[in-house]
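Chemist: Give the three-dimensional model of this entry:
(chains A and B)
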Amino acid sequence: MNIFADIRTTIIETLDAMVADGALPANLSWGNVTVEPPRDAAHGDMATNAAMVLAKPAGQPPRAIADALADRLATEAMIETVNVAGPGFLNLRLVPDVWHDVVAEVVDAGARFGHSGMGAGVKVNVEYVSANPTGPLHVGHTRGAVFGDALASLLAFAGYDVTREYYINDGGAQVDVLARSVYLRYLEAHGQEVAFEDGTYPGDYLIAVGEALKAKVGDAYVGQNEEAWLPDIRAFATEAMMDLIRGDLGLLGVKMDHFYSEKSLYGTGLIEEAIDDLDKKGLIYRGTLEPPKGKAPEDWEPREQVLFRSTAHGDDVDRPIKKSDGSWTYFAPDIAYHWDKIKREFDELIDIFGADHGGYVKRMNAAVSALSDGRVPLDVKLTQLVKLYKNGEPFKMSKRAGTFVTLRDVVEQVGSDVTRFVMLTRKNDAPLDFDFDKAIEQSKDNPVFYVQYAHARVRSVMRKAEEMHLDWSDNAKLEDEAELAVARKLAEWPRLVEIAARNHEPHRVAFYLYELASEFHALWNRGNDKPELRFVHEGNPQLTAAKIALPRAVAVVISNGLGILGVTPVEEMR
RNA sequence: GGCCCCGUAGCUCAGAGGAUAGAGCAACCGCCUCCUAAGCGGUAGGUCAUAGGUUCGACUCCUAUCGGGGCCGCCA
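Modeler: Okay, here's the model as predicted:
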């Protein structure tokens, strides 16, 4: 049940009736008619802009439409009063029963409350993290992992058929670098002195991989030249790195449905097939690109390459898909990978990249648009930088990796729940300050704590109520304005889920939960002044049952919301 | 030079084209013999970067300008 959608349906039916009666002309569109919570609660429970958006096409003054619509809506059972305000707003006050019903439904529906049919089973592929398999995940990856995972859960909650996917860049030159680095560690494991020059990965995390390689092959590769061991160690090292990465993701509770290997594209003909598809559409040609302006790189010289005419699909310049030596650029397998996603019949694609890949967005959109003939939308979401702080000071160093702070560093310091929630308290395209101290601080400055505290408070009173052996009626008793405010907030949840899902913005869930917690804490404190507003009433099971339905509903929605964010609701604070 | 993101209270940030632009922090004033005061209530604080445009209506959409960040042939 989405009370806003229900009221909108009522309004649309009334408008249809007005057309039938000749009060409004035919051929009007209701598309712009919205029903939303008013900015100021004093205006009522809901507001609609119907009269204003219809005034011009109907050729009538907005106030006239508003008055006529108001008269008819006033007879609806759910609607208590209707006021025309401002330029033509209709402010609706709903009968109290509506809020009782909302609370009852939340408690009754439990984990299903807020689920939406909006997605209608549409197949969505969410690709996220996709970090190179060359080392542990760092903070930037962490944000992408959290964002992608929460978005995927949000879409699933909204009725989409979601696949979570990780693209492993295991085909490029960086894997050679990895393999050589592992080889050095392998020699080290055999007691040799080695030097890590530029172009190798010196991180400690490869020591164990070198030792594992020794355990597997003994001294077979010692003293051998590169041709003898490179392919084997590439595979071995990549697998080891993916184990490491899967472990890192596990720390955050992120589980992918698919790990898709770039290397697996080679030799299957898929790249050729994808490029051939573009070629048939007249989008592949040999040519020479203009030098990039403004930067004037020293070693730039014009070369003929095979290019993809991405400008035909909104890009700024055409993009090379083959290097001058004839081998594929990185872009080519990427095109093939997205071609594969389209062939797997996904209806929508979402890619989550770090902000440094911003320059890649247009060409990916161009490729998907061209390959799917514009049928499959691709939404590329960029996650901006995370700046780490400790005691208010910028925080950089990692013992583990030497140069960057790893996902593991963060999660071990503050925990998965805190990491996830904090990373979702910003829009993905806004930079995020992550302060280790604030993240674990137990005060209302810390939104994680604040929301968890509300949930814990509900669980606390429920434990108390359980001792009374009462009849867990879901028939709420709502009288006070603070109670109604909480109920109204609960009623917004299904609407919020749809808005957040439609915009691919899981951060809205985090902000909503904060607001809900705030309303709840306010109600809780009203119990100080007005004991009748408390939830537990010693010796009065009937009253307790009626009063405890509302906090139970709050716990349900907080729990559902945190579930989407991948955060565990706590039973008590400690 | 081009492209992308950002610019909202002193600070950190919300804000489906709607009404008098919101929240937290910081400042000031209040509230615990009572379900967790780890909380709540109140006061104060604004040319929504600037200038145009579209619209009945713009923080929101379009254009230009200014400021901050990121990216910019064969690296991935």
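Chemist: in the helix or strand encompassing A:Ala215, what's buried?
Modeler: Per DSSP states H and E, A:Ala215 falls inside helix A:207-217. Neighbour-count burial for helix A:207-217, with 16 or more other Cβ atoms under 10 Å as criterion, is recorded at A:Val209, A:Gly210, A:Ala212, A:Leu213, A:Lys214. Every C-beta, even on glycine, is put in place using the N, C-alpha and C of the backbone.
Chemist: mind listing what A:Met52 touches?
Modeler: A:Pro62, A:Pro87, A:Gly88, A:Phe89 (Cβ atoms under 8 Å, 6 or more residues apart in numbering).
Chemist: Quick check: it vs A:Ala85, distance?
Modeler: As judged by Cβ to Cβ, to the nearest Å, A:Met52 and A:Ala85 stand 11 Å apart.
Chemist: My reading is that A:Ile350 is in a helix; is that accurate?
Modeler: No: under the criterion used here (DSSP: H, G, I helix; E, B strand; the rest coil), A:Ile350 is strand, not part of a helix.
Chemist: List the residues that contact it.
Modeler: Residues near A:Ile350 by Cβ under 8 Å, 6+ apart: A:Val124, A:Asn125, A:Val126, A:Glu127, A:Leu151, A:Leu378, A:Asp379, A:Val380, A:Lys381, A:His504.
Chemist: For burial, what's the neighbour tally of the closest residue in space to A:Thr425 that isn't next to it in sequence?
Modeler: Leaving aside its chain neighbours, A:Thr425 sits nearest to A:Ala510 (5.2 Å; criterion: Cβ to Cβ, 6 or more residues apart in numbering). A count of nearby residues for A:Ala510, using other Cβ atoms under 10 Å, gives 25.
Chemist: Which neighbouring elements make contact with the helix or strand containing A:Ala510?
Modeler: Element membership of A:Ala510 [criterion: DSSP H and E] is helix A:507-529. Contacts defined by 3 or more Cβ pairs under 8 Å, 6 or more residues apart in numbering; DSSP states H and E place helix A:507-529 against helix A:447-466, helix A:481-502, helix A:541-565.
Chemist: can you list these in CSV and add mean pLDDT and distance to RNA strand B?
Modeler: Below are the helices and strands packed on helix A:507-529 laid out as CSV (pLDDT from 0 to 100; distance: least, Cβ to the nearest atom of the strand, whole Å):
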stretch, mean pLDDT, distance to RNA strand B
helix A:447-466, 93, 4
helix A:481-502, 93, 5
helix A:541-565, 94, 8
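Chemist: List the contacts of the closest residue to A:Lys477 other than its chain neighbours.
Modeler: With sequence-adjacent residues excluded and distances taken as Cβ to Cβ, 6+ apart, A:Lys477 is closest to A:Ala546, at 3.8 Å. Neighbouring residues of A:Ala546 by Cβ under 8 Å, 6+ apart: A:Ser473, A:Asn475, A:Ala476, A:Lys477.
Chemist: Just want to check the distance between the residue in the stretch 451-574 of chain A that RNA strand B sits nearest to and A:Ala487.
Modeler: Nearest to RNA strand B in the stretch 451-574 of chain A, going by Cβ to the nearest atom of the strand, is A:Gly527, at a distance of 2.7 Å. Using Cβ to Cβ, A:Gly527 is found at 16 Å from A:Ala487.
Chemist: neighbour count winner among the two?
Modeler: Neighbour count, other Cβ under 10 Å: between A:Gly527 and A:Ala487, A:Ala487 has more, with 25 against 17.
Chemist: Pull the number of nearby residues for the nearest residue to that one once chain neighbours are set aside.
Modeler: Among residues not flanking A:Ala487 along the chain, A:Trp99 sits closest, at 4.0 Å (Cβ to Cβ, 6+ apart). Number of residues near A:Trp99 (other Cβ under 10 Å) recorded here: 22.
Chemist: what packs against the helix or strand encompassing A:Trp99?
Modeler: Using DSSP H and E, A:Trp99 maps to helix A:96-109. Using 3+ Cβ pairs under 8 Å, 6+ apart, the elements in contact with helix A:96-109 are helix A:481-502, helix A:541-565.
Chemist: Can you check which of those gets nearest to A:Gly110?
Modeler: Closest of the helices and strands packed on helix A:96-109 to A:Gly110 is helix A:541-565, at 5.7 Å (criterion: Cβ to Cβ).
Chemist: Give me the buried positions along that closest one.
Modeler: Neighbour-count burial for helix A:541-565 flags A:543-562, A:564-565 (criterion: 16+ other Cβ under 10 Å).
Chemist: How about the residue of the stretch 51-200 of chain A found nearest RNA strand B, nearest residue that isn't a chain neighbour?
Modeler: The minimum distance from the stretch 51-200 of chain A to RNA strand B, using Cβ to the nearest atom of the strand, falls at A:Gly172 (2.7 Å). Spatial nearest neighbour of A:Gly172, excluding adjacent residues (Cβ to Cβ, 6+ apart): A:Tyr330 at 6.3 Å.
Chemist: For stretch A:177-193, give the mean pLDDT please.
Modeler: Mean per-residue pLDDT for stretch A:177-193: 95.
Chemist: Which residues does that stretch contact?
Modeler: Outside stretch A:177-193, the residues that touch it by Cβ under 8 Å, 6+ apart are A:133-134, A:194, A:196, A:199-202, A:206-207, A:209-211, A:213-214, A:219, A:221-222, A:226, A:229-230, A:233-234, A:236-238, A:240-241.
Chemist: Swap in 6 Å and give it another go.
Modeler: A:134, A:194, A:200-201, A:206-207, A:209-211, A:213-214, A:222, A:230, A:233-234, A:237 (Cβ atoms under 6 Å, 6 or more residues apart in numbering).
Chemist: And those, which is closest to RNA strand B?
Modeler: The closest of those to RNA strand B turns out to be A:Thr134 (Cβ to the nearest atom of the strand; 7.9 Å).
Chemist: what helix or strand is A:Val33 on?
Modeler: A:Val33 belongs to no helix or strand, assigned by DSSP H and E.
Chemist: ok so, going back, once you drop chain neighbours, what's closest to the residue of the stretch 451-574 of chain A closest to RNA strand B?
Modeler: Nearest non-adjacent residue to A:Gly527, counting by Cβ to Cβ, 6+ apart: A:Arg534, 4.1 Å away.
Chemist: in chain A, which ranges drop under the pLDDT threshold?
Modeler: A:293-299, A:396-403 (pLDDT under 70).
Chemist: where's the spatially most central residue of it relative to A:Asp471, distance?
Modeler: Nearest to the mean C-alpha position of chain A, by Cα atoms, centre = their mean, lies A:Leu151 at 2.4 Å. Note on A:Leu151: its distance to A:Asp471, by Cβ to Cβ, is 41 Å.
Chemist: Buried residues, stretch A:122-132. List them.
Modeler: Buried, per 16+ other Cβ under 10 Å, within stretch A:122-132: A:Lys123, A:Val124, A:Asn125, A:Val126, A:Glu127, A:Tyr128, A:Val129, A:Ser130, A:Ala131, A:Asn132.
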